[in-house]
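> dropping the sequence and predicted coords here.
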Amino acid sequence: MAEREEITAPDPDYSGFIQNIKQSTGIDLAQYKEAQMKRRLTTLRMKNGYHSFTDFFAAMMKDKALFYEFLDRMTINVSEFWRNPNRWEVLRDVILPELQQSGRRMKLWSAACSTGEEPYTLAMILSDKNLLAQTGILATDIDDGALAKAKQGLYLERSLKDVPKDVANRYFSPEGPVFKVSETLKKNIEFRKQNLLLDKFDDGFDLIICRNVMIYFTEDAKNKLYHKFSASLRPGGYLFVGSTEQIFTPAQFGFESTETFFYRKK
């Protein structure tokens, strides 16, 4: 069940924090659901021993590790390979064959890619279909720490729990307590820092994957992003969203619903 927004009295300390973060980083926390975000960041602030958001912000501006911890908490970097496997099967068996029919080099984007599990899953599927070398994959996130982990490509065994065993054997090699992703996959993905709410998007994409991110944004921010995603897709291109992020009126964004959680640009 979706988390209900709480109505709370204005908090000048938190409001000032939002303003300071926007001025110094361009990140607009006002675009995120306030009750969820404030609760999450209050826990982080108190864990680090700060009694106010004013003090917490000042410390963050001096301590890069604390700032990265803030980014990590803000963006909820929870990801795994093959998350909701049946949806990836639909992508492999239905969506990609349709996109291939154009005969052009495909252009795909994993938006808010976190620590890389999603774009690497996409790359594995493309490689198994002998399409990886003919496809451009962009993977973006706002969190430098998450992007660094994605580029490194080292994962704990539990992250691979949904990866088919034969696929894992082809694309991962054990290195002590972790598993290293294949260099073949790495070299075919461009990782780039990006603020979805602020930055301009590339265009001409055949597929945009943005899963389990929209649930943290306000309705206004979601609507703006859906319009931006639609403008970035070529006609016939697809937006692939998370299992809790159904678009109830896709036509207003120029989409039509096809497979569950896949929306095609008209």
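That came through, no problem.

> and the helix or strand harbouring Lys180, which strands flank it?
Assessed by DSSP states H and E, Lys180 sits inside strand 178-181. As defined by DSSP bridges, the strand partners of strand 178-181 come to strand 154-156 (antiparallel), strand 172-175 (antiparallel).

> does Ile21 sit in a helix, a strand or a coil?
helix (DSSP: H, G, I helix; E, B strand; the rest coil).

> quick check: next helix or strand after the strand holding Lys180?
Taking DSSP H and E, what comes next after strand 178-181 is helix 183-186.

> elements contacting that following helix?
Secondary-structure packing of helix 183-186 (3 or more CB pairs under 8 Å, 6 or more residues apart in numbering; DSSP states H and E): helix 117-128. All C-beta spots, glycine's among them, are computed from the backbone N, C-alpha and C.

> which outside residues touch the helix it packs on?
79-83, 88, 91-92, 96, 108, 110, 113, 132, 135, 137, 139, 150, 153, 155, 159, 163, 167, 170-171, 181, 184-185, 188-189, 191, 209, 211 (CB atoms under 8 Å, 6 or more residues apart in numbering).

> rerun at 7 Å
Here helix 117-128 makes contact (CB atoms under 7 Å, 6 or more residues apart in numbering) with 79-82, 88, 91-92, 108, 110, 113, 132, 135, 137, 139, 159, 167, 171, 181, 184-185, 188-189, 209, 211.

> who does the following helix or strand past it touch, helix- and strand-wise?
Next in sequence after helix 117-128, counting helices and strands by DSSP H and E, comes strand 135-141. Applying 3 or more CB pairs under 7 Å, 6 or more residues apart in numbering; DSSP states H and E, one finds that strand 135-141 makes contact with strand 106-111, helix 117-128, strand 189-193.

> let's see 10 Å
Packed against strand 135-141 by the contact rule (3 or more CB pairs under 10 Å, 6 or more residues apart in numbering; DSSP states H and E) you find helix 96-100, strand 106-111, helix 117-128, helix 144-152, strand 189-193, strand 205-210.

> wait, which of the ones you listed is closest to Lys38?
Closest approach to Lys38 among the helices and strands packed on strand 135-141 is made by helix 144-152 (21.9 Å; CB to CB).

> could you say which of the strands paired with strand 178-181 is packed most deeply?
Comparing these by mean neighbour count (mean count of other CB atoms under 10 Å), strand 154-156 comes out on top with a mean of 16.
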